[in-house]
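Participant: How does the following fold in three dimensions:
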Amino acid sequence: MSRKLRISGSLANMLTLLGRLYRNPPDAVKEYISNALDEWQKADKAAPCVVDYLLAKDRIVITYNQAGMDASEFTAALRRVADSAKGELTTPQIGRLGIGIFAFNQVGRKCTFLSKKAKGSPTVKVVLASNSDEYDLDTAPHREALVDPGMRITIEQLSPGLFKTRGPFAPERLQAYFADRFDSYLRTGSLRLTIQADGKTLTVRPREVKLKPMGAAFSEVRLRRDPSKAIACTFWFDPTGKSTVAIRHMKVPIVEDVHAIQAYGLEESVFGGGYVKGYIDADFLEPQPARTSFVETDEDWINFLDALDTIRPSLEKEVDDLRKERERQQLTGLQRKAIQIASEILDAPEFQDLAPLGGLRLPRTTRPTGEPPKPTKPTKPPKPRLPRQPGKKPSGPRIILEEVDFTDEAQPDKLHSRFLSGKVQVNKLNPDFQREMDGSDAEKLAYGTLMIGKETIAYNDDSKASNEYLEKLLTFLFQAKVHVGRAATTGLRARGRPRKVLA
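Facilitator: Below is the predicted model:
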């Protein structure tokens, strides 16, 4: 007959491990800002929540102006660890699990709380230590007492390396970290946050976003299967393709980048493609302990993914339209002309077997009637073209011709051009480019046109061997041009007797 037995273990070790669940030291100490904001949510919100960090050599001091806890509240919180009373509140809260008080374990080994509940109430002093299931609770002596309601948290016996130049608590790094985590509260003025270090005070401000806003239609999207719940989206278009989309709970990022979520295809969708920067707010989702992710096994999570899938097609189209517009704006007059000339040349019958570069739309003419010319040698069949959608006219050239430094190549000045991500890139470091750019507009135009042709031919060679020979041919061509130009300037001298010049 089976028996029920009680699990036992070291409570001291468990409490320490709970405090080390956070991703990194800054993520742990931001918990105290979240606690301050939770108290601010319960207050009248007439004044902003003010939090100050003091980074000293041997301690970190965090002070905020929101109501602290009295002795009975501290006792209750420490009696129901991982069973926070916040879940019973009707006011939305950032914290939910009751483990944030132990977050200091990721930074130091001792933490002292000075807490004042209200005007006229005493200051409570609570001391916690790593690897201990005991705490000290007393009324703070007069010299340590707080004047106004609030909380002062002092973390001591710090882990080594926190304040190094590249350490987690380097002031500028911490400033940027907090700016990202509390963007919404900082942007609305609900939170004022400062960091004091090395005699300087840094004010944490929201990062300036100079990108074009997008996705206005998705500022609120009700869940199809539960209309009482909604997601709120704030998006910008990033033409560099290097941005991320975060998923937030109570305006604080839980998933910093959708690439961190695997198996749902988000990392491969428009949300993870880099061209969208922003936030998806979903307060109905349940964060994991230490808010490292969300619980992905409940109905809310499935409904959340369904909502994203609903808005995805429209967002993809908006991104595609903005990318096209950006590409058109980036082209100079000469670059536009070079693309147009290359399109006209490649539309000729002798180039009909070449598939256009990805993104290049070439309006094809009808082949002359009659038998096509027989090839002089066997040729491989042309690459299949994507069928044009019914009712759509050719959109014209869409590739980008841009001039860049090939500093990422082993020999930066060797290549003339390359085709990358729908762009024909012309190497500004190549000596032929530098020479041609000193010439006339016609020479500049011919150079760009030639690079498009070269990349189109190389693109159609599955073996990729032709690219090297095309590069050599280009070098030969421009060297020949240099020699011919030099000869025309100085005059060619035949062997033997010099020619007489008639007067």
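Participant: Thr173: what's it in contact with?
Facilitator: No Thr there; residue 173 is Arg. Arg173 sits next to Pro26, Arg166, Gly167 when contact means C-beta atoms under 8 Å, 6 or more residues apart in numbering. In short, each C-beta sits where N, CA and C put it, glycine included.
Participant: Hmm, Glu316 is touching Glu268, no?
Facilitator: No: using C-beta atoms under 8 Å, Glu316 makes no contact with Glu268, being 11.9 Å away.
Participant: Neighbour count: those two, which is higher?
Facilitator: Comparing Glu316 with Glu268 by other C-beta atoms under 10 Å, the one with more neighbours is Glu316, at 16 against 11.
Participant: From Ile62, how far off is the more buried one?
Facilitator: According to C-beta to C-beta, to the nearest Å, Glu316 and Ile62 sit 43 Å apart.
Participant: the domain parsing of this structure - what is it?
Facilitator: According to automatic domain parsing, the chain comprises the domains 12-204, 212-319, 333-365+395-488.
Participant: weakest of those by average pLDDT?
Facilitator: Per-stretch mean pLDDT for the domains of the chain is lowest at domain 333-365+395-488 (a mean of 85).
Participant: That domain spans what distance, first to last residue?
Facilitator: 31 Å (C-alpha to C-alpha, to the nearest Å).
Participant: for the nearest residue to Pro168 once chain neighbours are set aside, what are its contacts?
Facilitator: With sequence-adjacent residues excluded and distances taken as C-beta to C-beta, 6 or more residues apart in numbering, Pro168 is closest to Pro25, at 4.4 Å. By C-beta under 8 Å, 6+ apart, the residues touching Pro25 are Gln106, Val107, Ser159, Leu162, Pro168, Phe169.
Participant: so the fifth one makes contact with Leu174?
Facilitator: Yes: under the criterion of C-beta under 8 Å, Pro168 makes contact with Leu174 at 7.4 Å.
Participant: following the helix or strand Ala446 falls within, which helix or strand shows up next?
Facilitator: Taking DSSP states H and E as the definition, Ala446 sits inside helix 441-459. The C-terminal neighbour of helix 441-459 among helices and strands, as given by DSSP H and E, is helix 466-490.
Participant: which is the next helix or strand following the host helix or strand of Leu174?
Facilitator: According to DSSP H and E, Leu174 maps onto helix 171-181. Moving toward the C-terminus from helix 171-181, the first helix or strand encountered (DSSP H and E) is helix 183-187.
Participant: Can you list the buried residues in that next one?
Facilitator: By neighbour count on 16 or more other C-beta atoms under 10 Å, the buried set for helix 183-187 is Asp183, Ser184, Tyr185, Leu186.
Participant: Settle this for me: the last one is touching Arg205, isn't it.
Facilitator: What that stands for is Leu186. Yes: shown here, Leu186 and Arg205 form a contact pair, counting by C-beta under 8 Å, at 6.4 Å.
Participant: what touches both of these two?
Facilitator: Common contacts of Leu186 and Arg205, defined by C-beta under 8 Å, 6+ apart, comprise Ala179.
Participant: picking up where we left off before, buried stuff in the helix holding Ala446?
Facilitator: Neighbour-count burial for helix 441-459, counted by 16+ other C-beta under 10 Å, picks out 444-445, 447-456, 458-459.
Participant: and which of these is nearest Glu344?
Facilitator: For the buried residues of helix 441-459, the closest approach to Glu344 (C-beta to C-beta) belongs to Thr449, at 9.6 Å.
Participant: Please name the residues that touch the closest one.
Facilitator: With C-beta under 8 Å, 6+ apart, Thr449 has these contacts: Ala338, Ile341, Ala342, Ile345.
Participant: Buried ones among the contacts of Pro25?
Facilitator: Buried residues within the contacts of Pro25, counting neighbours by 16+ other C-beta under 10 Å: Gln106, Val107, Leu162, Pro168, Phe169.
Participant: distance of the first one from Ser228?
Facilitator: Noted for Gln106: a distance of 37 Å to Ser228, by C-beta to C-beta.
Participant: now swap in Ala46 and tell me
Facilitator: 30 Å.
Participant: Could you do Glu39 as well?
Facilitator: 27 Å.
Participant: Equivalent analysis for Ser132, please.
Facilitator: 44 Å.
Participant: for Arg291, same thing?
Facilitator: Relative to Ser228, Arg291 is positioned 24 Å away (C-beta to C-beta).
Participant: The two: who's more crowded?
Facilitator: A direct count of neighbours by other C-beta under 10 Å for Arg291 and Ser228 places Arg291 higher, at 25 against 7.
Participant: Next up, phi/psi of the more buried one, please.
Facilitator: phi 50, psi 50 (degrees, to the nearest 10).
Participant: ok, now Arg224?
Facilitator: phi -60, psi -40.
Participant: In contact with the residue nearest to Ala232 when sequence neighbours are not counted, which residues?
Facilitator: Distances taken as C-beta to C-beta, 6+ apart place Asp281 nearest to Ala232, at 4.3 Å, with adjacent residues excluded. Asp281 sits next to Ile231, Ala232, Cys233, Thr234, Arg248, His249, Lys251 when contact means C-beta under 8 Å, 6+ apart.
Participant: What subset of the residues you listed is buried?
Facilitator: Buried among the contacts of Asp281 by 16+ other C-beta under 10 Å: Ile231, Cys233, Thr234, Arg248, His249, Lys251.
Participant: Sticking with the third one, tell me its helix or strand.
Facilitator: Element membership for Thr234, per DSSP H and E: strand 230-237.
Participant: partner strands of that strand, parallel or antiparallel?
Facilitator: Partners of strand 230-237 in the sheet, by DSSP bridges, are strand 212-214 (antiparallel), strand 221-222 (antiparallel), strand 276-281 (antiparallel).
Participant: ok, Leu137 touching Ser115?
Facilitator: No: if you go by C-beta under 8 Å, Leu137 and Ser115 don't touch, sitting 10.3 Å apart.
Participant: got any residues that touch both of these two?
Facilitator: Phe74, Val124, Lys125, Val126.
Participant: quick one: secondary structure of the second one?
Facilitator: Meaning Val124. strand (DSSP: H, G, I helix; E, B strand; the rest coil).
Participant: Name whatever forms a beta bridge with the residue nearest to it when sequence neighbours are not counted.
Facilitator: Distance criterion C-beta to C-beta, 6+ apart; nearest residue to Val124, sequence neighbours excluded, is Ser115 at 4.7 Å. Counting by DSSP bridges, Ser115 is bridged to Val124, Met151.
Participant: Give the other helices and strands that the following helix or strand past the strand holding Thr234 contacts.
Facilitator: Using DSSP H and E, the next helix or strand after strand 230-237 towards the C-terminus is strand 245-249. Packing partners of strand 245-249 (3 or more C-beta pairs under 8 Å, 6 or more residues apart in numbering; DSSP states H and E): strand 252-255, strand 276-281.
Participant: May I see the contacts of Pro25 organised as CSV, with secondary structure and distance to Glu220 added?
Facilitator: Shown next, in CSV, are the contacts of Pro25 (DSSP: H, G, I helix; E, B strand; the rest coil; distance: C-beta to C-beta, whole Å):
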residue, secondary structure, distance to Glu220
Gln106, helix, 36
Val107, coil, 38
Ser159, coil, 43
Leu162, coil, 41
Pro168, coil, 36
Phe169, coil, 37
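Participant: mind putting those residues in TSV, distance to Glu299 included?
Facilitator: Below are the contacts of Pro25 laid out as TSV (distance: C-beta to C-beta, whole Å):
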residue	distance to Glu299
Gln106	33
Val107	37
Ser159	40
Leu162	41
Pro168	37
Phe169	40
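Participant: List just the nearest of those residues to Lys481.
Facilitator: Proximity of the contacts of Pro25 to Lys481 (C-beta to C-beta) peaks at Pro168, which lies at 57.5 Å.
Participant: got the contact list for the closest one?
Facilitator: Counting by C-beta under 8 Å, 6+ apart, Pro168 touches Asn24, Pro25, Pro26, Leu162, Leu174.
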